[in-house]
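Participant: Predicted model and sequence follow; I will ask about them next.
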Amino acid sequence: MKKIISMILAGALLLHPVAVMAADSQSAGVLNAISFEHLKEEVLDRNLTIQSTANRIDEGENKISSGVIGLRQMQAPLDARCAGIIAYFTGKATGVKAISATKSDLIASLAGLPIDQSKLPDPGLMLVSQDGLTKYALTSAKNNNGGFLWIQTPVAFPSPNPSSLSPTLAVTPGLPDYVDTSLINNQLSLTLDYLNFNLLNMYQSQLMSVESQIQSLISQTDDNGVASVQQSIVNDRIVWGAQQLYLTYNDLSAQVDNLMKQLMLLQSQLTIVKLRFQLGMTTSTEVKTTEAKVGDLAIGFKTLNENRNWIKGSLNTMLGQDFDTNLTIAANPAVSESDVNTVNYDADLDKAVTWSKEILLKVKSESSIIPDSVVDDIQNLKLKTRLNFDKSYQGLNNKLQALKNEQSKLVIEQEKLEQVQLSYNLGMLSNIALEAAKVPCENQKLKVSNAQNDLVKAYTIYQWLIQGTDLS
């Protein structure tokens with residue numbers, strides 16, 4: 001199951017947003033507005049990939065559970081049959097306290113069983129003890145249960161090689177430690193005991209196979225929480241993908257608004273250029289050049305707007321909705337200078353290492369005794385986490401500084417625009433000149449907006465890192 005789960009989770013990472021009809025499978029209802037604050041919660045609750053992965057893992061675990069139950073049910077009758085055969089031998093044996101599943105044990109047990117003398121290969125069957133010194137012989141005398149007796153005898157005969165003989169039951173009193181199985185195999189094959197012995201072997205073999213299958217299934221379960229960590233990592237990356245779409249949508253929205261203002265200004269300029277051409281104050285070339293600029297800007301605006309709409313549709317898909325669902329996306333969250341200045345490097349670094357899901361996954365994937373090679377891997381992961389944390393921390397502060405620089409430039413552009421506005425108020429500039437003077441200020445506002453969004457992204461990545469998820 002662990003391999004199956006890993007394949008499922010790896011497949012989930014490869015999925016990308018596509019247009020789907022999700023309304024029928026969406027139980028939470030249509031979402032028409034979303035904020036960045038609630039985006040993670042909504043994605044975890046609605047995303048079809050996350051739901052599908054969780055369902056497939058649950059189905060796999062249910063199948064394993066059902067398989068174990070079914071195999072356990074198969075064990076019961078096999079256990080009963082083995083117990084019955086063992087009881088058969090135990091009841092017939094003399095002085096035998098237990099019967100094992102080895103052939104030599106059953107051969108030894110025949111020493112106290114009724115044996116048809118006419119079928120014995122040798123009435124003077126001899127056996128030898130483990131030390132090779134004590135001899136035994138089968139006599140015609142019978143014990144109280146009707147079985148032939150083994151008696152110690154001084155009869156001299158070559159001691160067989162103990163290494164070629166089979167061991168008997170140590171709990172069988174009065175029997176030799178070794179018995180030459182070749183002397184009584186023929187007798188054994190003609191008895192009901194031999195049939196029962198084969199049945200016992202077969203049932204116990206089946207039991208071993210069933211138990212092996214059970215242990216195999218159990219080993220595939222998520223007893224160490226490996227799949228939970230894997231699924232959490234995949235879910236985090238899906239949520240981060242949705243957050244990136246969210247932030248990018250607002251980035252493009254700011255660019256679309258700025259491009260729209262530039263397009264309106266350029267169209268006004270085109271009107272003036274055409275009027276000047278009618279008055280003979282300019283050439284047709286200037287008119288055509290201005291028209292071409294308007295056309296280029298219009299194409300850029302259309303493309304940018306289409307990309308923005310595609311991103312909204314992709315975000316809808318990640319929220320488990322139809323691609324074209326009407327969705328209002330709130331503004332990006334604000335990250336202030338105080339938010340950045342209040343982060344605690346040492347405390348947050350400790351959180352990043354302690355809660356690292358990569359490290360946790362590595363630990364959980366191993367047994368209770370972790371080999372030195374894995375210890376080295378864990379140390380390398382800790383080092384990697386520390387390096388990535390430091391990079392993220394420095395990047396966060398760099399983005400804050402970049403934002404402050406862009407904000408300073410905006411102040412300068414606003415002061416310039418105020419001077420132009422004053423000239424316009426005094427009648428020294430035309431309206432078109434005033435609108436043209438606004439363009440640098442609007443462009444700088446866009447740069448400030450982009451810098452703010454970059455800071456939000458850096459801050460979000462930093463927060464993911466101290467929560468255990470490394471997005472690098």
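Facilitator: Now that the structure is in, tell me what you want to look at. Numbers count the residues shown, from 1 in each chain.
Participant: quick one: the strands in this protein?
Facilitator: 33-34, 126-128, 135-142, 148-152, 166-167, 178-179, 328-329 (DSSP state E).
Participant: Between these, which has the poorest mean confidence score?
Facilitator: Of all these, mean pLDDT reaches its minimum on strand 166-167 (a mean of 36).
Participant: Select the helix or strand of this protein having the lowest average pLDDT value.
Facilitator: Ranking every helix and strand in the chain by mean pLDDT, DSSP states H and E puts strand 166-167 at the bottom, with a mean of 36.
Participant: can you list the weak-confidence ranges in this protein?
Facilitator: 1-28, 87-199, 219-224, 366-372 (pLDDT under 70).
Participant: May I see the domains of it written out as residue ranges?
Facilitator: With domains defined by automatic domain parsing, the chain comprises 2-62+222-466, 81-217.
Participant: wait, doesn't residue 420 sit right on residue 435?
Facilitator: No - counting by Cβ atoms under 8 Å, residue 420 stays clear of residue 435, with 10.0 Å between them. The C-beta positions use only the backbone N, C-alpha and C, and glycine is treated the same way.
Participant: Can you check which residues contact both of the two?
Facilitator: When Cβ atoms under 8 Å, 6 or more residues apart in numbering defines a contact, no residue borders residue 420 and residue 435 alike.
Participant: Which residues are in contact with residue 335?
Facilitator: Applying Cβ under 8 Å, 6+ apart, the residues contacting residue 335 are 452, 455-456, 459.
Participant: should've said residue 410
Facilitator: So residue 410 contacts 441, 444-445, 447-448 (Cβ under 8 Å, 6+ apart).
Participant: Equivalent analysis for residue 448, please.
Facilitator: Applying Cβ under 8 Å, 6+ apart, the residues near residue 448 are 403, 406-407, 410.
Participant: Kindly report the same for residue 290.
Facilitator: 266, 269-270, 273.
Participant: Pull the number of nearby residues for residue 461.
Facilitator: For residue 461, the number of neighbouring residues by other Cβ atoms under 10 Å comes to 20.
Participant: now swap in residue 247 and tell me
Facilitator: Quick note: residue 247 (other Cβ under 10 Å) scores 20 neighbours.
Participant: Can you verify my assumption that it contacts residue 330?
Facilitator: No - using Cβ under 8 Å, residue 247 is not in contact with residue 330; the gap is 11.6 Å.
Participant: shared neighbours of these two, which are they?
Facilitator: With Cβ under 8 Å, 6+ apart, residue 247 and residue 330 have common neighbours residue 36.
Participant: Could you pull out the helices in this structure for me?
Facilitator: 2-14, 36-46, 48-92, 103-109, 185-189, 192-219, 226-278, 284-318, 337-341, 345-354, 357-364, 372-425, 431-466 (DSSP state H).
Participant: what's the angle from the last one to helix 372-425?
Facilitator: Going back to what we said before, that points to helix 431-466. Here helix 431-466 runs at 160 degrees with respect to helix 372-425, directions being taken by axes from the mean of the first three to the mean of the last three Cα atoms, to 10 degrees.
Participant: List the buried residues of helix 431-466.
Facilitator: 435-439, 441-442, 444-462, 464-466 (16 or more other Cβ atoms under 10 Å).
Participant: what number of residues lie near residue 41?
Facilitator: Residue 41 has 10 neighbours, counted by other Cβ under 10 Å.
Participant: repeat for residue 246
Facilitator: When neighbours are counted by other Cβ under 10 Å, residue 246 registers 24.
Participant: That one: what's it in contact with?
Facilitator: 34, 36, 39, 315, 329, 332.
Participant: Specify which member of those is nearest to residue 235.
Facilitator: Set against residue 235, the nearest of those by Cβ to Cβ is residue 39 (13.1 Å).
Participant: Please indicate which of the contacts of residue 246 has the highest neighbour count?
Facilitator: Most surrounded of those: other Cβ under 10 Å gives residue 315, at 26 neighbours.
Participant: How many residues are close by the closest residue to that residue other than its chain neighbours?
Facilitator: The spatial neighbour of residue 315 that comes closest, neighbours along the chain excluded (Cβ to Cβ, 6 or more residues apart in numbering), is residue 245 at 4.6 Å. Applying other Cβ under 10 Å, we find 22 residues neighbouring residue 245.
Participant: From residue 263, how far out is residue 245?
Facilitator: Residue 245 is 26 Å from residue 263, where distance means Cβ to Cβ, to the nearest Å.
Participant: Can you name the residues that contact residue 417?
Facilitator: Here residue 417 is in contact with 437-438, 440-441 (Cβ under 8 Å, 6+ apart).
Participant: can you do 7 Å?
Facilitator: 437-438, 441 (Cβ atoms under 7 Å, 6 or more residues apart in numbering).
Participant: Closest to residue 396 out of those?
Facilitator: residue 441 (28.1 Å).
Participant: Verify the stated contact: residue 355 with residue 469.
Facilitator: No - Residue 355 lies out of contact with residue 469 (Cβ atoms under 7 Å); the separation is 8.7 Å.
Participant: Comparing these two, which residue is more hemmed in?
Facilitator: More crowded of residue 355 and residue 469, by other Cβ under 10 Å: residue 469, with 21 against 15.
Participant: looking at it, residue 440 is touching residue 412, isn't it?
Facilitator: No - using Cβ under 7 Å, residue 440 is not in contact with residue 412; the gap is 9.7 Å.
Participant: so what's residue 232 closest to, chain neighbours aside?
Facilitator: Nearest non-adjacent residue to residue 232 (Cβ to Cβ, 6+ apart): residue 357, at 6.2 Å.
Participant: How many residues are close by the one you found?
Facilitator: Around residue 357 there are 17 residues (other Cβ under 10 Å).
Participant: again, but for residue 248
Facilitator: Residues near residue 248, counting by other Cβ under 10 Å: 18.
Participant: With the one 10 residues further on instead?
Facilitator: A count of nearby residues for residue 258, using other Cβ under 10 Å, gives 19.
Participant: show me what contacts it?
Facilitator: 442-443, 446.
Participant: Considering those residues, which is situated nearest to residue 62?
Facilitator: Nearest to residue 62 among those, with distances taken as Cβ to Cβ, is residue 446, at 53.2 Å.
Participant: That closest one: what's it in contact with?
Facilitator: 254-255, 258 are the contacts of residue 446 under Cβ under 7 Å, 6+ apart.
Participant: and if you look at residue 408?
Facilitator: Residue 408 neighbours (Cβ under 7 Å, 6+ apart): none.
Participant: And it, how far from residue 340?
Facilitator: From residue 408 to residue 340 the distance is 17 Å (Cβ to Cβ).
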